[in-house]
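Peer 1: structure for this input, please:
(chains A and B)
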Amino acid sequence: MASSWRLVPGQALLHRGWDGAYVLYNDLSGDTHLLAEEAMSLLMALRDGDVTPEELAAPELADMLATLRQLDLVEPC
Amino acid sequence: MTHVGSLTRAQLGECLAGPGIHLRTGRFTTLLRSPIASVADGIHRLYGDYPLSSGFADFHLDLVRPATLRRWLRPQVTLLYDRRSMFKPLPLDQAFPMFEWGLNWCVSSRANRYLIIHAAVVEKNGRAVILPAPPGSGKSTLCAALVGRGGWRLLSDELALLRLEEGVLHPLPRPISLKNASIAVIRDYVPGSVMSRAVTDTAKGTVAHMRAPADSVARAGESALPAWVVFPRFEAGSAATAEPVARADTFMQLAQNCFNYSLLGAEGFTALAGLVERSRGYRFRYSKLDDALAFFDSLP
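Peer 2: The predicted structure follows:
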């Protein structure tokens, strides 16, 4: 698993959240995804440079990052 | 402005067979031409309250009998859009339902100033309920009961039109499409309901259309604010139950029922999010129309 990740360029993270669940519009695929609060927080942190490579390399985040990669929202860098 | 009802059946038939009529339904005008008697019968029976206009038309529709050899064996009807044939011909007996289906297609595939949801919409006191339409939900039956007996105004039986900029729902009151057992249910439940002749053996089974209430047609210019999204489910023998649906789930289910959500991209997302933010969502199960009407009147 890569230790450094970024948002796929071009994602504006257009989203809305209610009661801990989020809907997010993927600018590149045109799909809309239903995300849990944790996944949305991770995307925002990646956008804002608010997460360290050590945190991203933690095994606990591996599944979430793999899922977000499958949705074309993040990519290793 | 004249209305369809100002024409006798014979005059209407002559107009339809000749230059056509400019039929105004909500924000849309259709130039409709057809020499087929059952089309004139259906328009005469169900569209008497609708204005006739002149000049520009959003959609140009012709219902004609194709001149093929089949006409001697099994007469058919073809729907022409802008004088072009885009649909498979149907048995001639289905000419009037084909007009209704064709006009739905025109709006759902062309009116992209709106986010278009496959849903019924009814309104009371300026606040609208959206009833999305998964198969077998009983949406049209419920819609007919709500506007026929429940005091709700019909905005649409099939197409919720959400204006992208303002987030309001624009009416498209047209006849309500009933299928199979629903036809007799509503004929019994709504006193004085006026229906088109039932047509059998269509792709949807037996279909008949119920005339929209005159008041709903007269108020076709009045938009409404979304307030509730109710996912109905008819289940024989069940008690009426309403379970709240989380907003994110409401969003996803509505998006799945949109005709042009993908086409509109981020604009569609933003419009739908605004609708969901202003609305409460419920999953509603019912078997008796009286119970359903009581639930709708109790919406907070």
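
Peer 1: after the helix or strand where B:F96 lies, which helix or strand is next?
Peer 2: When secondary structure is defined by DSSP states H and E, B:F96 falls within helix B:95-110. Moving toward the C-terminus from helix B:95-110, the next helix or strand (DSSP H and E) is strand B:114-124.

Peer 1: just checking, what packs against that following strand?
Peer 2: Under the contact definition 3 or more C-beta pairs under 8 Å, 6 or more residues apart in numbering or on different chains; DSSP states H and E, strand B:114-124 sits against helix B:95-110, strand B:127-132, helix B:139-148, strand B:153-156, strand B:159-163, strand B:169-170, helix B:266-277. Bear in mind the C-beta positions are built from the backbone N, C-alpha and C, glycine included.

Peer 1: wouldn't B:Q253 be in contact with B:A246 here?
Peer 2: No: with contact defined as C-beta atoms under 8 Å, B:Q253 does not reach B:A246; the gap is 10.4 Å.

Peer 1: and chain A, which of the helices and strands packed on strand B:114-124 is closest to it?
Peer 2: Relative to chain A, the nearest member of the helices and strands packed on strand B:114-124 by C-beta to the nearest C-beta is helix B:266-277, separated by 4.2 Å.

Peer 1: quick one: pLDDT of A:P59?
Peer 2: For A:P59, the pLDDT comes out at 93.

Peer 1: cool, B:R71 as well?
Peer 2: B:R71 is given a pLDDT of 63.

Peer 1: just checking, what packs against the host helix or strand of A:R6?
Peer 2: According to DSSP H and E, A:R6 maps onto strand A:5-7. Other elements packing on strand A:5-7 under the criterion 3+ C-beta pairs under 8 Å, 6+ apart are helix A:37-48, strand A:74-76.

Peer 1: out of those, which is closest to chain B?
Peer 2: Using C-beta to the nearest C-beta, these put helix A:37-48 closest to chain B, at 10.5 Å.

Peer 1: list the buried residues for the closest one?
Peer 2: A:A39, A:M40, A:L42, A:L43, A:L46 (16 or more other C-beta atoms under 10 Å in any protein chain shown).

Peer 1: present the helices and strands packed on strand B:114-124 as a markdown table; the columns should include distance to chain A, mean pLDDT and mean neighbour count.
Peer 2: Shown next, in a markdown table, are the helices and strands packed on strand B:114-124 (distance: least, C-beta to the nearest C-beta, whole Å; pLDDT from 0 to 100; neighbours: other C-beta atoms under 10 Å in any protein chain shown):
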| stretch | distance to chain A | mean pLDDT | mean neighbour count |
| --- | --- | --- | --- |
| helix B:95-110 | 18 | 96 | 21 |
| strand B:127-132 | 16 | 97 | 24 |
| helix B:139-148 | 23 | 96 | 25 |
| strand B:153-156 | 24 | 98 | 28 |
| strand B:159-163 | 15 | 97 | 23 |
| strand B:169-170 | 19 | 98 | 24 |
| helix B:266-277 | 4 | 97 | 20 |
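
Peer 1: would CSV of the ones you listed with distance to B:H60 be doable?
Peer 2: What follows is those, written out as CSV (distance: least, C-beta to C-beta, whole Å):
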stretch, distance to B:H60
helix B:95-110, 9
strand B:127-132, 30
helix B:139-148, 27
strand B:153-156, 22
strand B:159-163, 19
strand B:169-170, 22
helix B:266-277, 27
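
Peer 1: for B:G192, which of these is the nearest?
Peer 2: helix B:139-148 (8.5 Å; C-beta to C-beta).

Peer 1: helix or strand with the lowest mean pLDDT in chain B?
Peer 2: Lowest mean confidence among the helices and strands of chain B (mean pLDDT, DSSP states H and E): strand B:84-85, at a mean of 92.

Peer 1: what about the helices in chain B?
Peer 2: B:9-17, B:37-46, B:95-110, B:139-148, B:181-189, B:214-218, B:247-256, B:261-264, B:266-277, B:289-297 (DSSP state H).

Peer 1: what residues does the stretch 151-300 of chain B put near chain A?
Peer 2: B:246-249, B:251-252, B:255, B:261-262, B:265-266, B:269-270, B:273, B:276-277 (C-beta under 8 Å from any C-beta of the partner chain).

Peer 1: swap the cut-off to 6 Å and go again
Peer 2: B:A246, B:R247, B:A248, B:F251, B:M252, B:A255, B:S262, B:A266, B:F269, B:A273 (C-beta under 6 Å from any C-beta of the partner chain).

Peer 1: OK, contacts around the fifth one?
Peer 2: What it means is B:M252. Counting by C-beta atoms under 6 Å, 6 or more residues apart in numbering or on different chains, B:M252 touches A:L34.
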